[in-house]
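[1] take this sequence and fold it.
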Amino acid sequence: MTLPSDDTIVRYRRSDTGRVALELFPAGQHRDVSNTDSLVQVKLAGEPYAAGFGHGHTMRNTPSLDAFRFHHQESGKTTLTRPDGCRIEHQLTPRGGVFEVVTTFINDSPKPVTLEMLSSFSLGGIVPGRLRVHRFRSVWSAEGRLDTQSIEQLHLEKSWAGAGAFSERFGQIGTMPVRKWFPFVAVEDTEAGIVWGAQLAWAGSWQMEIYRQHDDVCLSGGLADREFGHWMKTLAPGESLVTPPAIIACVRGSLDDLCDRLTAAQRCNVPAIEEDLPIFFNEWCTTWGDPQHDKVVAIAKRLKGTDVRYLVIDAGWYKAGTTEWHRSHGDWIPSAKLFPQGLEATAAAIREQGLVPGLWFEMETCGADSAAFSKTDWLLKRDGVPVTVGHRRFWDLNNPQVVAYLTERVIDLLERGGFGYLKVDYNDTLGMGTDDPDGLRQQVLASYRFFEKIRERLPELVIESCSSGGHRLEPSMLARTAMSSFSDAHESPEIPIIAANLHRLMLPRQSQIWAVLHKADSDQRLAYSLAATFLGRMCLSGEIAELTDAQWQLVLRAQEFYRRAAPIIKHGTSRRSGAMGESWRHPTGWQAVVRTSGNEALVVLHAFENAPAKVNFPLPPGTWRVVDEFPQRTGEVSEWTIEKDFSARVALLQRTK
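    Numbering: from 1, shown residues only. Modelled structure (predicted):
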């Protein structure tokens, strides 16, 4: 069965044994393969594992899967059944130029069954040409490094006899879904100019696989399986399990073209106040965990009348005595010492200056110096004791008492104080999970429900997702929030590198980028920091009350320019060029990001150490003129002069023909 959808052909092929394959390819690009790789991958406990020397590094193509046969297909839903009554439904839903895939396993047998593996998607029929695999690595404060290797470098050539089943299985374990890898994979045929790719929308343990046994290369992904992620799920008769959704696509073009489609398909929860991409001030890099009423009000007065809309009170507002911010969260009682008139008075004072007050919570965990840390019946356990990571433990969000507690301490406080902005942080991971082998998955679903509860109570609240910066930059969390912290890189020179990387993985309108300003900064350094925020959402912090008048005028000029650039940041598509060294901590060379929307373009150029005197970068077709520039106007378009290392320039261009 072949289904055209926009410029992509969706082809289902059925083998003589009843196995059904799913293949995607660009319209007019017909490809035939002899192998029929199943559109679903599944493994049940107690049943044999696959041959081919794969046991231990893949659970694909097991006898559990072989027992399922095609039953029927209707409206994008393919149903597979097996003799004992178990049923699998594979739902493919077009969404513009991409497809959402969800798999449901239904136990209609008379006995309980235990899943060890169930894929969200499985895509076959990728015929080898010159195939390259693209992935994105991620570590704390260094998110989004592109990793590209050929199929041969990954050691995934077909063996001489085809007897070996080879797999590159990767992912992450725990509740920081963007840790080591983003939940993304792409395979590019460099001869044919075709790219296949997928993203998973899941905030827990996940895996992707690049698989090869026969001539074609196959991709699959979903929940991390028993071997990789310590996961199992027992379904009683009549019970079912739905996988996290995957977004898949196939394009004729480049990796950037694929990423444009995948990011365009991402959803976000945006209240009306967010439509024009307002500017933030977060006091974290001003007080460093020691916010106080007088300090916050002084910041608000400095920001009055500027283009800044939100003022966010970050961590530490709940500290008691000499406790530290990262050890005392969980009780959520405002500090009477820091806020003697109460948080409500501080929020009101912020609003008096024309700003929207915001507040930080790390609501899913509690710290060692909080009373909450000892509520062991309310905490997630492994080996019979609370899971403790450093100074943190994790609430059991499936416990109704915990939900009631957090509703009172978090949602009621936000509502009572009139806060219009919530920053949700998450600073450690649940790792392999709990005593229940399905406990981690259940915790993620409960976390989603609490976000939904916040939205139901406070529909106009703007929610930011932060997880030690960028550890939750995946589609399911992006969909539940207005924006996310791009990284915990607050003041470091690699900020523009990280911010540019993320254009391939999330929409810049959801990527909140720090510009930490200091009185000791030169104008060049201020401009370098401010320019990076044009790669996403401008978030200011630092010593703004101590800046000179000249420095403050430069900051105000950047804000005014950002307001003009916001429509391009919101609606455009990006292309990056440059010549950089391998180190991000000590960057060399330069980069330019050109973001285009219609007949307008925004160029953000950063020079690092040992940058050349002049650089050239490609622009979209047409003739372009400079409309405005920051920090100063030069009139140059595609060739820019670089006067100093670690400098930056931003330009707004218009196409004249």
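
[2] which sections of the stretch 1-150 of the chain are below the confidence cut-off?
    By pLDDT under 70, the weakly predicted segments of the stretch 1-150 of the chain are 1-5.

[3] redo that, cut-off 50
    The model of the stretch 1-150 of the chain has pLDDT under 50 over residues 1.

[4] quickly note the distance from E546 to L517.
    Distance of E546 to L517, computed by CB to CB, to the nearest Å: 9 Å. C-beta: built from backbone N, CA, C; applies to glycine.

[5] A strand includes P612, no?
    No: under DSSP: H, G, I helix; E, B strand; the rest coil, P612 falls outside any strand and is assigned coil.

[6] ok, it - contacts?
    Applying CB atoms under 8 Å, 6 or more residues apart in numbering, we find P612 in contact with A579, G589, W590, I642.

[7] run through the neighbouring helices and strands of the longest strand seen in the chain.
    The longest strand of the chain (DSSP state E) is strand 113-126. If contacts are counted by 3 or more CB pairs under 8 Å, 6 or more residues apart in numbering; DSSP states H and E, strand 113-126 sits against strand 20-26, strand 42-44, strand 98-107, strand 194-200, strand 217-223, helix 226-229, strand 233-235, strand 246-252.

[8] so which of those is nearest K301?
    strand 194-200 (43.4 Å; CB to CB).

[9] got the angle between the next helix or strand after that closest one and strand 194-200?
    Remark: after strand 194-200, the chain's next helix or strand is strand 206-212, criterion DSSP states H and E. Angle between the axes of strand 206-212 and strand 194-200 is 150 degrees (criterion: axes from the mean of the first three to the mean of the last three CA atoms, to 10 degrees).

[10] give me the angle between strand 206-212 and strand 217-223.
    160 degrees.

[11] among the helices and strands packed on strand 113-126, which comes closest to D147?
    strand 194-200 (13.9 Å).

[12] tell me what angle the closest one forms with strand 20-26.
    120 degrees.

[13] what is strand 194-200 packed up against?
    Where contact means 3+ CB pairs under 8 Å, 6+ apart, strand 194-200 is packed against strand 20-26, strand 113-126, strand 184-189, strand 206-212, strand 217-223, strand 246-252, helix 255-264.

[14] which other helices and strands contact the fifth one?
    This points to strand 217-223. Checking 3+ CB pairs under 8 Å, 6+ apart, strand 217-223 ends up next to strand 113-126, strand 184-189, strand 194-200, strand 206-212.

[15] with the shortest one instead?
    Here strand 184-189 touches strand 131-139, strand 194-200, strand 206-212, strand 217-223, helix 255-264, going by 3+ CB pairs under 8 Å, 6+ apart.

[16] any chance of the helices and strands packed on strand 217-223 in CSV, plus mean neighbour count and distance to I151?
    What follows is the helices and strands packed on strand 217-223, written out as CSV (neighbours: other CB atoms under 10 Å; distance: least, CB to CB, whole Å):
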stretch, mean neighbour count, distance to I151
strand 113-126, 25, 10
strand 184-189, 24, 8
strand 194-200, 25, 13
strand 206-212, 25, 7
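
[17] can you redo those as CSV with distance to L22?
    Shown next, in CSV, are the helices and strands packed on strand 217-223 (distance: least, CB to CB, whole Å):
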stretch, distance to L22
strand 113-126, 6
strand 184-189, 15
strand 194-200, 11
strand 206-212, 14
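
[18] out of those strands, which gets nearest to R132?
    Across the helices and strands packed on strand 217-223, closest to R132 is strand 184-189 (CB to CB), at 4.7 Å.

[19] spatially nearest residue to V650, not counting backbone neighbours?
    Closest residue in space to V650, ignoring its immediate chain neighbours: F630 at 4.5 Å, by CB to CB, 6 or more residues apart in numbering.

[20] for that neighbour, grab the count of nearby residues.
    Residues contacting F630 under the criterion other CB atoms under 10 Å number 23.

[21] just K644 next, same as before
    K644 sits with 10 neighbouring residues when counted by other CB under 10 Å.

[22] can you give me the end-to-end distance of stretch 492-511?
    Start-to-end span of stretch 492-511 (CA to CA, to the nearest Å) is 17 Å.

[23] nearest to L397, of the helices and strands packed on strand 184-189?
    strand 217-223 (18.3 Å).

[24] CA atoms only for that closest one, dumped as PDB, please.
    Coordinates of each C-alpha in strand 217-223 appear next as PDB, following Å, rounded to 0.1, in the frame of the first residue of the first chain:
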ATOM      1  CA  VAL A 217      19.500   0.000   7.000                       C
ATOM      2  CA  CYS A 218      16.600   0.300   9.500                       C
ATOM      3  CA  LEU A 219      15.800   2.900  12.200                       C
ATOM      4  CA  SER A 220      13.800   2.400  15.300                       C
ATOM      5  CA  GLY A 221      13.200   4.100  18.700                       C
ATOM      6  CA  GLY A 222      11.100   4.500  21.700                       C
ATOM      7  CA  LEU A 223      11.100   3.600  25.400                       C
END
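
[25] what mean pLDDT does that strand get?
    Mean pLDDT, strand 217-223: 97.

[26] ditto for stretch 370-389
    98.

[27] buried stuff in it?
    S370, A372, F373, K375, W378, L379, L380, K381, R382, P386, V387 (16 or more other CB atoms under 10 Å).

[28] and the contacts of that stretch?
    Here stretch 370-389 makes contact (CB under 8 Å, 6+ apart) with 327-331, 366-367, 393-396, 399, 401-402, 405, 428-435, 439, 443.

[29] before we move on, what about stretch 590-597?
    Stretch 590-597 is contacted by residues 496-497, 500, 503, 508, 535, 567-569, 571-580, 601-608, 611-612, 615, 617-620, 640, 642 when judged by CB under 8 Å, 6+ apart.

[30] list only buried entries from these.
    496-497, 500, 503, 508, 535, 568-569, 572-576, 578, 601-608, 611, 615, 617, 619, 640, 642.

[31] so which of the residues you listed belong to strands?
    Counted as lying in strands by DSSP E, out of those, are 573-576, 578, 601-607, 615, 640.

[32] now distance to L422 and pLDDT too, for those, in JSON lines please.
    What follows is these, written out as JSON lines (distance: CB to CB, whole Å; pLDDT from 0 to 100):
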{"residue": "T573", "distance to L422": "30", "pLDDT": "98"}
{"residue": "S574", "distance to L422": "28", "pLDDT": "98"}
{"residue": "R575", "distance to L422": "34", "pLDDT": "98"}
{"residue": "R576", "distance to L422": "32", "pLDDT": "98"}
{"residue": "G578", "distance to L422": "36", "pLDDT": "97"}
{"residue": "A601", "distance to L422": "34", "pLDDT": "98"}
{"residue": "L602", "distance to L422": "29", "pLDDT": "98"}
{"residue": "V603", "distance to L422": "34", "pLDDT": "97"}
{"residue": "V604", "distance to L422": "29", "pLDDT": "98"}
{"residue": "L605", "distance to L422": "34", "pLDDT": "97"}
{"residue": "H606", "distance to L422": "31", "pLDDT": "97"}
{"residue": "A607", "distance to L422": "37", "pLDDT": "97"}
{"residue": "V615", "distance to L422": "41", "pLDDT": "94"}
{"residue": "W640", "distance to L422": "40", "pLDDT": "87"}
